[in-house]
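Visitor: take this sequence and fold it.
(3 chains, ligands or ions: 1)
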Amino acid sequence: MEVGIVGYGAYVPRHRIKVEEIAKVWGADAPSYKRGLMLREKSVPAPDQDTITMSVEAGRHAIHRADVDPAEIGAIYIGSESHPYAVKPSGTVVAEALGATPDIHCADFEFACKAGSEGMFVALSMVKAGQMDYALGIGADTSQGAPGDALEYSASAGAAAFLFGRKDLVAVCEETHSFMTDTPDFWRREYQFYPRHAGRFTGEPAYFKHITGCARALLEKSNTKPEDFRWAVFHQPNGKFPMKVGQGLGFTKDQLEQGWLSPTLGNTYSGSSPMGLAAILDVAQPGDRIFMVSYGSGAGSDGFIWRVTDRISSVQPQAPHTRAQLEDRPIYIDYGTYAKFRGKIRKLGE
Amino acid sequence: MIGSARYWREVPQRYRYEAAKCVKCGEVFFPPRLVCNGCGGREFTKQTLEPNGSVETFTIIQVAPTGFEDQAPYAVGVIKLDDGVKLTAQIVDCDPESLAVGDRVRLEFRRVQQDGESGILCYGYKFVPVAK
Amino acid sequence: MREVAVIGAGMNRWGELWEKSHREIWTEAALEAIDDAGVDHVEAMYVGCMSGGLFMGQEHLGALLADQLGMGPIPGTRVESACASGGLAFRQAYLAVASGAHDIVLATGLEKMTDVDGGMATYALSTAADQEYECYQGITFPGLYAMMARAHMERYGTTRRQLAEVAVKNHLHGSMNALAQFPMKVTAEQVEGSVMVADPIRILDCSPITDGAAAAVLVPLETAKKMRVDPLIRVAASAHATDRIALHERDDLCWLASTAKAAESAYQQAGVGPTDLSFCEVHDCFTIAEVMVIEALGLVDRGRGGSAAEGGFTALDGRVPVNPSGGLKSKGHPVGATGLAQIREVVHQLRRSCGDRQVKDARLGLTQNMGGTGASTVVHVFERM
Ligand SMILES: [Zn+2]
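Guide: The predicted structure follows:
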């Protein structure tokens, strides 16, 4: 029995900040950041946007594309490291707004940047197990980088939602694999506002090891080679890493480019590789195969192989495309506005 | 100042834009009510508001009420939805100075306010400009 | 129903009355009205107050203030209709006398607004709008009137300068009123250059935050005649109407339907039309409000309110002087007291005791007091007999 994606959708906030604007404040060398991390600008959530609001918008796009009655959705799993509440689920608000309550299972996931693919993995598995007809998996984040930290140049905001089911699929899931070890490369302790990271340790022993480990196992399990795929997408903590890990695995720039959003989007954390997948589905042709591996610090990767079906062309125009949103009337803000938006500075008396 | 119960009971309207249509005369009420003040009818059917509309009038709030200070200046408008229902809501993701009566906007789900630093987060609808 | 007369009126100096409690403020105005009437008792008392709870943390004002009066355990009733509370308190007193329930009644209005900070005052005032579907979204009262102003400007071509001229006129009138909170004159340039509150409304388009009270004494007309009150001031009409509370629920954002409805009823009761009026005291909580009110009262054609102040039509020496007292704009706006202060002005104008701001040959005066963005309006017409 085939299971897969019946509807998908992404959401990109319209505010942006350029790398130069951040670098200027901290006396950093913008050209070297842009070259080294391959980042030009990033999305910024407005003060009234968070994981919940972006999940609702992405979820609405997914349901609209799927043309499914929201009441038939059996589960909602939202992955994020920036759930607005410390205690109280994001999924309840989102399910309520989508019209999917009350007969629904709900869980919020957290696994650094892997939480979104985790939600997708579990939603897909619930459908595969026959527990329900439809399940919604969402990756969304409004992540924070500490002022002046390297993460401040990349931590951005966005969401992608995928409705999984067994009929009217737009993409069949051909294989999955998960790969995980205990690797403390990035974390945030309770009561801390900003995460900490282990510098260059986040590279080779963390990001590259886990993505490569997951990808190799996935290729082996499915008995495929990189050239069997039309598209590939990897977690995008910056512009450089996904290109490097992809090309290291044998994928070409042509396969990687459509889902490579980070140079102008930044790192949307739990939304990162899911949004890349959404951008690929926006342009994919029937029969195309898509290779996807996420990464979350701590550390682990989820891998998926998707095969696009004939139904894709009819759902693509049903909701805004990911790259179209990325390019739609961006509102550039200065660092002062950014600091206010992100709660880095606050007005007296609040 | 909002409190859980008071916020929660408006969820169908604030999250899902549920309105009530008078069975007798067809007038649509948002929020739903028990008596139609057009015809006195007391029977209604559920109807979801159209998400697109036009700006009928608007203001730019400079002096904001408590809880909204950080957002000022911000635009608030009366928007006439394509189904004829009118709403008051913020118009965001735009330069308020360039707004004009007649601009096309659509509903988006946003955080509207919060009950202080430790209270509940209050979500609902705002409007965003539609690409021309 | 019996005919009713107003035989006394009182009001103290309005402003930021830091040293005075609501008890003192109210009692001063009440005693002035009673002394002005030359009576030694009242049978019942009404007090209009919008939000004793939010402004002062004090409800149960009927009992509290009746006690302050020292006239025994008389019935004391608190009346609320947002900023129209004062007008409505007078109407309840009028109905009590007209119906025969009481023979001498005190109508009062009170608001003590400066004991809370600006944020709390703004919040308290905003409770006159729809909390769930207007205020929840971050709108303020100036914001709601600003939206009405923009709609009026878009449809009728009303200009920013025309709004400023309303403030110029009312401050000019207020400069002749010793009780006004802001008796200074202002220029149109000052209004248009003042701080923006809610575009297009600026701070000098707004009525202020004020502490104050006002009062009037009502008796049957026959009693007033027996008392040889001179001049006799008859309540020629008392009308009250409502509208949808949320601005966005109204069919026409540029039209004050409750004011139009109350005025229609008042004109019918009094057997007069707008052209018969000597002057009006209207609810200019914002400059745009006066523009829209004079249209709804029929003083000018629909859509033509903008040019009235600019052209001198509503000036003290104009065709129909509007707000000779200085209006809410200059006199101040202790919300619950405003309706009674309008009536106090009419009483003094009809007695022709207003000095520099006296309307010539004042014979028929109208008061219009409204709540919120016009969801309630109380209109009274008074005649000098
Ligand atoms: Zn009806």
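
Visitor: residue contacts, C:Pro142?
Guide: Residues near C:Pro142 by CB atoms under 8 Å, 6 or more residues apart in numbering or on different chains: B:59, B:63, C:197-198, C:201, C:205-206, C:286. (C-beta placed from N, C-alpha, C; glycine too.)

Visitor: distance between stretch B:42-55 and the chain's centre?
Guide: Centre-to-centre, stretch B:42-55 and its host chain are 11 Å apart (CA atoms, centre = their mean, to the nearest Å).

Visitor: quick one: that stretch near the ion?
Guide: No. Using CB under 5 Å from the ion, stretch B:42-55 stays clear of the ion, coming no nearer than 8.6 Å.

Visitor: quick one: secondary structure of C:Ser258?
Guide: When classified by DSSP: H, G, I helix; E, B strand; the rest coil, C:Ser258 comes out as helix.

Visitor: please apply the same query to the one 5 residues further on.
Guide: Reduced to three states with three-state DSSP, the structure at C:Ala263 is helix.

Visitor: gap between it and chain B?
Guide: 21 Å (CB to the nearest CB, to the nearest Å).

Visitor: please apply the same query to A:Gly9.
Guide: Counting by CB to the nearest CB, the gap from A:Gly9 to chain B is 13 Å.

Visitor: by contact count, what packs against the helix or strand containing that residue?
Guide: According to DSSP states H and E, A:Gly9 maps onto strand A:4-11. The contact analysis (3 or more CB pairs under 8 Å, 6 or more residues apart in numbering or on different chains; DSSP states H and E) places strand A:4-11 against helix A:51-66, strand A:157-165, strand A:171-183, helix A:272-281, strand A:298-308, helix A:322-327.

Visitor: could you list the contact residues of chain B toward chain A?
Guide: Within chain B, the positions lying close to chain A (CB under 8 Å from any CB of the partner chain) are B:11, B:15-16, B:69-71, B:90, B:92-93, B:95, B:108-112, B:117, B:121, B:123, B:126, B:131.

Visitor: so which of the contacts of C:Pro142 belong to strands?
Guide: Taking DSSP state E as the definition of strands, the contacts of C:Pro142 contribute B:59, C:197-198, C:201.

Visitor: list only buried entries from the contacts of C:Pro142.
Guide: By neighbour count, with 16 or more other CB atoms under 10 Å in any protein chain shown, the contacts of C:Pro142 hold B:59, B:63, C:197-198, C:201, C:205-206, C:286 as buried.

Visitor: in a markdown table: those, plus pLDDT.
Guide: A markdown table is the format used below for the buried ones among the contacts of C:Pro142 (pLDDT from 0 to 100):
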| residue | pLDDT |
| --- | --- |
| B:Thr59 | 98 |
| B:Val63 | 93 |
| C:Val197 | 97 |
| C:Ala198 | 98 |
| C:Ile201 | 98 |
| C:Asp205 | 98 |
| C:Cys206 | 98 |
| C:Phe286 | 98 |
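
Visitor: which ones, among those residues, also lie beside the ion?
Guide: Of the buried ones among the contacts of C:Pro142, not one also sits near the ion (CB under 5 Å from the ion).

Visitor: OK, contacts around C:Trp26?
Guide: If you count contacts by CB under 8 Å, 6+ apart, then C:Trp26 has C:47, C:65, C:68, C:108, C:110, C:213 around it.

Visitor: oh, that last question was meant for A:Ser154, not what I typed.
Guide: Taking CB under 8 Å, 6+ apart, we find A:Ser154 in contact with A:37, A:39, A:42, A:145, A:237-238, A:262, A:266-267.

Visitor: for the closest residue in space to it that isn't next to it in sequence, name its beta-bridge partners.
Guide: Excluding the flanking residues, the one nearest A:Ser154 by CB to CB, 6 or more residues apart in numbering or on different chains is A:Asn267, at 4.2 Å. Beta-bridge pairing of A:Asn267 under DSSP bridges involves A:Ala155.

Visitor: so A:Asn267 sits against A:Lys240, correct?
Guide: No. With contacts defined as CB atoms under 8 Å, A:Asn267 does not count as touching A:Lys240, sitting 11.5 Å away.

Visitor: residues near the closest residue to C:Lys261 other than its chain neighbours, how many?
Guide: Once flanking residues are discounted, C:Lys261 sits nearest to C:Ala241: 3.8 Å by CB to CB, 6+ apart. Neighbourhood size, C:Ala241 [other CB atoms under 10 Å in any protein chain shown]: 22.

Visitor: so C:Ala241 is in which element?
Guide: Secondary structure from DSSP H and E places C:Ala241 in strand C:233-242.

Visitor: domains in chain B, by residue range?
Guide: Under automatic domain parsing, the residue ranges defining each domain of chain B are B:1-48, B:50-132.

Visitor: those into a markdown table, with extra columns for distance to A:Ser125?
Guide: Converted to a markdown table, the domains of chain B look like this (distance: least, CB to CB, whole Å):
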| stretch | distance to A:Ser125 |
| --- | --- |
| domain B:1-48 | 28 |
| domain B:50-132 | 28 |
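
Visitor: which of those domains is buried the deepest?
Guide: Highest mean neighbour count of the domains of chain B: domain B:50-132, a mean of 19 (counted as mean count of other CB atoms under 10 Å in any protein chain shown).

Visitor: what's the span of that domain, first residue to last?
Guide: 19 Å (CA to CA, to the nearest Å).

Visitor: list the contacts of residue 299.
Guide: As the question left the chain open, I've gone with chain A. Neighbour list for A:Ala299: A:112, A:180-183, A:185, A:206-207, A:210 [criterion: CB under 8 Å, 6+ apart].

Visitor: that was the other one, I meant chain C.
Guide: For C:Leu299, the contacting residues are C:274, C:277, C:280, C:308, C:313-314, C:320, C:322, by CB under 8 Å, 6+ apart.

Visitor: quick one, helices of the stretch 101-250 of chain A?
Guide: Listed in chain order, the helices of the stretch 101-250 of chain A (DSSP state H, counting those that start in this stretch) span residues A:115-128, A:209-222, A:240-249.
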